[in-house]
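>>> A predicted structure for the sequence below; I have some questions about it.
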Amino acid sequence: MECSQSGVRIFWSRRSELRPWERALKLEKIEDRFWQELWRLEAPAVVKNFMWKVGNDLLPTKGNLFQKNIVQNPNCPICLQETEDMLHILWSCKSSMAVWQECGKKIQKLALGETDGKGLLQYLMRKLEGEDLLMAIVVSCMIWLRRNAVVFDREFTPPGSLVADAQRVVREFTQPVMSSDLPLRPASGSAVTWTPPRYGTIKINWAAILNHVMKQTGIGVLIRNANGELLATQAKFFSSLMDSSLAAALGAWYAVKLGCDMGAHLEGATLSVVAALKKNGPCGSSFLI
């Protein structure tokens, strides 16, 4: 069989074009690589889940709800002027642009040309890294939470306060752990490493955790004996962000209540307790019974 040189060139030029299934496979690999990079990011789990929803256009924006005939008006609930899609509420709305202007210079200089939420994430991941990238995605998450506060609670967080909250989240997430013996870190900011109580007694520890991303407060209580054996636990979650002192005090109340429910008896000099409570400094997060 003979084949002309021109015929060979035509054959190979056509073969170099990707077939439909090959193009689909290549796009799928690119898609998988994007999600792999996203899940490898050093970020709080709640922020990664938020990014996953953004990348899949799963947030209940007014635009999405309008397409499903759930709401009658697709306009943004903040600016009231444009359709609220993922990109609008997180980036191009005037209220969101005011937030980004409060961020660092690297974020301020970004010029977005994407058309959807996934494009926004890909753009941020291309242009930023490290704490700058973490800051950008945390700010995005908080912009969405602020939007929900406007819709459901009629509350609007100023740009400066929102960025300050995001900076605190990044700072708390990135601060290094200096020891494998993890201490309890109550909301008051003090740290107490657990040590066993004297024989024949039990120790009650409590901690209050403030989640600035989700605007929530968590309280946990542990009761252990002198051998370190766990006798009782309790956890409470509140859908509001409390003052750190209030959260620590509420944790103490739950700790005392759980101890009393187990039949423990509290003893102490009343005057000294009152004097301790009147001090400006934070109270301890453990006590002996």
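Arrived safely, thanks for sending.
>>> what's the end-to-end length of stretch 110-121?
Looking at stretch 110-121, the gap from its leading to its trailing residue is 13 Å under the measure C-alpha to C-alpha, to the nearest Å.
>>> list the buried ones in that stretch?
The neighbour-count check on stretch 110-121 (16 or more other C-beta atoms under 10 Å) flags 117-118, 120-121 as buried. For the C-beta atoms, the positions are set from N, CA and C on the backbone; glycine is no exception.
>>> just those: which are in helices?
Among these, the ones falling in helices (DSSP state H) are 117-118, 120-121.
>>> what's the closest of the buried residues of stretch 110-121 to residue 139?
Checking those against residue 139 by C-beta to C-beta gives residue 120 as the nearest, at 11.9 Å.
>>> state the helix or strand in which the nearest residue to residue 113 once chain neighbours are set aside lies.
With sequence-adjacent residues excluded and distances taken as C-beta to C-beta, 6 or more residues apart in numbering, residue 113 is closest to residue 123, at 7.8 Å. Residue 123 is located in helix 117-127, with elements delineated by DSSP states H and E.
>>> after that helix comes which helix or strand?
Per DSSP H and E, helix 117-127 leads on to helix 130-153 as the next helix or strand towards the C-terminus.
>>> quick check: next helix or strand after the one helix or strand residue 224 maps to?
In the assignment (DSSP H and E), residue 224 maps to strand 216-225. Beyond strand 216-225 on the C-terminal side, the first helix or strand identified by DSSP H and E is strand 230-238.
>>> alpha carbons of the helix or strand following that following strand, as CSV, please.
Using DSSP H and E, the next helix or strand after strand 230-238 towards the C-terminus is helix 244-261. In CSV, the C-alpha atoms belonging to helix 244-261 read as follows (Å, rounded to 0.1, in the frame of the first residue of the first chain):
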residue,chain,number,x,y,z
SER,A,244,-15.0,35.8,75.9
SER,A,245,-15.6,36.6,79.6
LEU,A,246,-19.3,35.7,79.3
ALA,A,247,-18.4,32.5,77.5
ALA,A,248,-15.9,31.5,80.2
ALA,A,249,-18.4,32.3,83.0
LEU,A,250,-21.1,30.3,81.3
GLY,A,251,-18.7,27.4,80.9
ALA,A,252,-18.1,27.6,84.7
TRP,A,253,-21.8,27.4,85.4
TYR,A,254,-22.2,24.3,83.3
ALA,A,255,-19.2,22.8,85.0
VAL,A,256,-20.7,23.4,88.4
LYS,A,257,-24.1,22.1,87.3
LEU,A,258,-22.7,18.9,85.9
GLY,A,259,-20.7,18.3,89.0
CYS,A,260,-23.7,18.8,91.2
ASP,A,261,-25.8,16.4,89.0
